[in-house]
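1. Would you be able to build a 3D model of this:
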Amino acid sequence: MQGKSDSTPPSAFAIARAESLGHAHFPEPRRTTSGEIANGLHLHTVVSVGGVLAAIARDESNPHFLWLVVRTDKGKLNALTTDTEFSIDELNELKDAEIDLTGYSSATWGWRRFLGHFLMIFGREGLKITKSPPASPFDDIPAAAGMKALHRTHTSGILIGIGRRDVFIREDGGMFLPVTLETGSTPPRVGTHVEVAGFAEPDQNNIRLVEAVIRPTGGAQARPEPAQDLDLTLLSGARMKAELYGRIVRIRGTLTDPGIPLPEARSLITG
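-> Okay, the predicted model is just below:
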């Protein structure tokens, strides 16, 4: 997750209210959804919402602020707290927990433009843990039917490519899966059998995993099938999707554009 470097922090009023009322009594919150907060329906009111804590990042323009991304059944919620209430290490230990947040629905602005709505958490009292996180992100967490889809999806397969932002997995079931790793997570070499745990999001073809962690399983290092020479007539529309999607192919020819950056060229060759 990227910090909101071009955003203006909450008003002094919102900060003062968060840090003072966060340790005292505040009005009974209105139970709402992330969608209603994102649409500004409860702007400048006290609200509460529940979900799964997916990511934490320090604000790039003001390191005093910490951004939380919470997955809910109505989409993602951006929430803001301060490092006087929570340390970033403390919040990182709560990732994958089911939580309830209470705070002040607010909006953030850049230079002459509106950037979005968020929830200013009311101090430590504004974050309640309703289900503790698993010991490892690779562990399944018992969850109610309505919450199961908000937690990490687990899968395994062969790592077939490493791009600038994503890695690509050929799952044991044969499907092709793009994966965006957590910041600081280093993938093993191409051809390694791996296990991946990440949050599922829609992709142009099917789904992708984001904020994912990856580890080798110790399984076979070989590719699941030998590469096949690519018939270039298949490189069009529906035929490509139907006949090539998820397969390992080999392209023979001459590299005519020496301007391709090395990471992209390596991904093309090894993936």
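2. Can you name the residues bridging to the spatially closest residue to residue 28 that is not a sequence neighbour?
-> Spatial nearest neighbour of residue 28, chain neighbours left out: residue 46 (7.7 Å); criterion: C-beta to C-beta, 6 or more residues apart in numbering. For the C-beta atoms, the positions are set from N, CA and C on the backbone; glycine is no exception. Beta-bridge pairing of residue 46 under DSSP bridges involves residue 104.
3. With the one 4 residues further on instead?
-> Beta-bridge pairing of residue 50 under DSSP bridges involves residue 100.
4. Surely it is in contact with residue 130?
-> Yes - counting by C-beta atoms under 8 Å, residue 50 touches residue 130, with 6.8 Å between them.
5. Report the residue spans of the chain with pLDDT below the cut-off.
-> 1-26, 110-114, 143-146, 205, 219-251, 253-271 (pLDDT under 70).
6. quick revisit: tell me the residues that contact both of residue 50 and residue 130, please.
-> 98-100 (C-beta atoms under 8 Å, 6 or more residues apart in numbering).
7. from those, which is closest to residue 215?
-> residue 98 (23.9 Å; C-beta to C-beta).
8. How about that closest one, nearest residue that isn't a chain neighbour?
-> Distances taken as C-beta to C-beta, 6+ apart place residue 131 nearest to residue 98, at 3.8 Å, with adjacent residues excluded.
9. tally of neighbours for that neighbour?
-> Per other C-beta atoms under 10 Å, the neighbour tally for residue 131 reads 16.
10. Over to residue 84?
-> Residues near residue 84, counting by other C-beta under 10 Å, number 11.
11. if I look at it, how far off is residue 97?
-> Per C-beta to C-beta, to the nearest Å, residue 84 is found 21 Å from residue 97.
12. Please apply the same query to residue 148.
-> From residue 148 to residue 97 the distance is 15 Å (C-beta to C-beta).
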